[in-house]
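Engineer: Sequence and computational prediction follow.
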Amino acid sequence: MQKMWKRYTEGSKVDPSGGKILFARHGESQAYKNIAATHSKEVHLTPYGKKQGEELGERFICPPDLIVISDYARAWETAQPTLERFPDTPWQFSDIHEFTYLGSLDGFSCTMQERKSLVKDYWKRCDPLYRDGNGESFEMFIKRVGRNLDEIWQESGSILFFTHEQYIIAAQGLIEGWISSNPTKAEMQYFRNTLLEKQLSHPYGQIVELSEHFDKRNTAQHSQLRKLVYA
């Protein structure tokens, strides 16, 4: 398998020109410090997370052609220093938010520790079609990521995404072929194991780049992904 991803070491400079596709994970969030929130969308950055966002913005040696941001607070806050540095760069919100599957907790203020047993039960069930309350099923999440990847081919130029760890791993899984658009129980379990074992670890503030092997001009590769996404 060709290596599809390039990871930038912490603090290294990043050149987003030349049609590159870059994914930046948000900075350290309040959830990591066990601060309660009523919805994942409302989790903000810690002071250190805001510092990571500032440092991330300084790493780009030139602006990308487009910035796309998850509408979850921690991603938006991470992106702000980059937007301020490149005020003429077009940007937009998109549904590249985190996999939010515990819908039954909507409206209830709780911490990561308090959610722990429900998270464990969800992944023990490991049913790609199961929905907890109004949360996403795993299949819905994977199809959403797949649609976003398909849209990349419709854009010209370089794109910088401010998004989340599970989203980045799902994108990797679709592109590398170990997740299908109709994910099986085994694929869902592999995804979870990959996340827990940090096989594709994306620390807070990490930037990863789709390599030259992911070519937006490659119609055969695009066709193959569309078959995965819309199967």
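Structural biologist: Cool, got the structure. All of these numbers come straight from a predicted model, not from anything done at the bench.
Engineer: Can you give me the pLDDT of the residue lying closest to residue 141 once chain neighbours are set aside?
Structural biologist: Setting aside the residues directly before and after it, residue 141 is nearest to residue 99 in space (C-beta to C-beta, 6 or more residues apart in numbering), at 4.6 Å. C-beta coordinates here come from the backbone N, C-alpha and C atoms, glycine included. Residue 99 is assigned a predicted lDDT (pLDDT) of 96.
Engineer: Low-confidence regions, this protein specifically.
Structural biologist: By pLDDT under 70, the weakly predicted segments of the chain are 1-4, 198-202, 211-231.
Engineer: can we see that at 90?
Structural biologist: Within the chain, the stretches with pLDDT under 90 are 1-12, 17-21, 31-42, 104-115, 149-157, 172, 174-177, 181, 194-206, 208-231.
Engineer: Please enumerate the strands of it.
Structural biologist: 5-7, 21-25, 66-70, 91-94, 159-163, 207-210 (DSSP state E).
Engineer: Kindly calculate the angle that the fifth one makes with strand 66-70.
Structural biologist: Interaxial angle of strand 159-163 relative to strand 66-70 (axes from the mean of the first three to the mean of the last three C-alpha atoms, to 10 degrees): 10 degrees.
Engineer: Quick check: neighbours of strand 159-163 in the sheet, parallel or antiparallel?
Structural biologist: strand 21-25 (parallel), strand 66-70 (parallel) (DSSP bridges).
Engineer: One more: the shortest one?
Structural biologist: According to DSSP bridges, strand 5-7 forms sheet pairs with strand 207-210 (antiparallel).
Engineer: Just the endpoints, please. Distance across stretch 155-163?
Structural biologist: This stretch, stretch 155-163, spans 18 Å end to end (C-alpha to C-alpha, to the nearest Å).
Engineer: Now tell me what touches that stretch from outside.
Structural biologist: 16-26, 60, 64-70, 75-76, 78-79, 82, 96-98, 152, 216 (C-beta atoms under 8 Å, 6 or more residues apart in numbering).
Engineer: ok, the spatially closest residue to residue 138 that is not a sequence neighbour - contacts?
Structural biologist: Distance criterion C-beta to C-beta, 6+ apart; nearest residue to residue 138, sequence neighbours excluded, is residue 128 at 4.4 Å. Contact analysis of residue 128 by C-beta under 8 Å, 6+ apart lists 137-139, 142, 182-185, 187-188.
Engineer: give me that answer again for 7 Å
Structural biologist: 137-139, 183-185, 188 (C-beta atoms under 7 Å, 6 or more residues apart in numbering).
Engineer: Need the max-distance pair from those residues.
Structural biologist: Spatial extent of those (C-beta to C-beta) is set by the pair 137 and 184 at 13.2 Å.
Engineer: Which one's more surrounded, the two?
Structural biologist: residue 137 (19 against 13; other C-beta atoms under 10 Å).
Engineer: Just the terminal-to-terminal distance for stretch 16-23.
Structural biologist: OK, stretch 16-23 end separation, C-alpha to C-alpha: 11 Å.
Engineer: Please give the centre-to-centre distance between it and its chain.
Structural biologist: 16 Å (C-alpha atoms, centre = their mean, to the nearest Å).
Engineer: With stretch 7-16 instead?
Structural biologist: For stretch 7-16, the distance to the chain centre is 17 Å (C-alpha atoms, centre = their mean).
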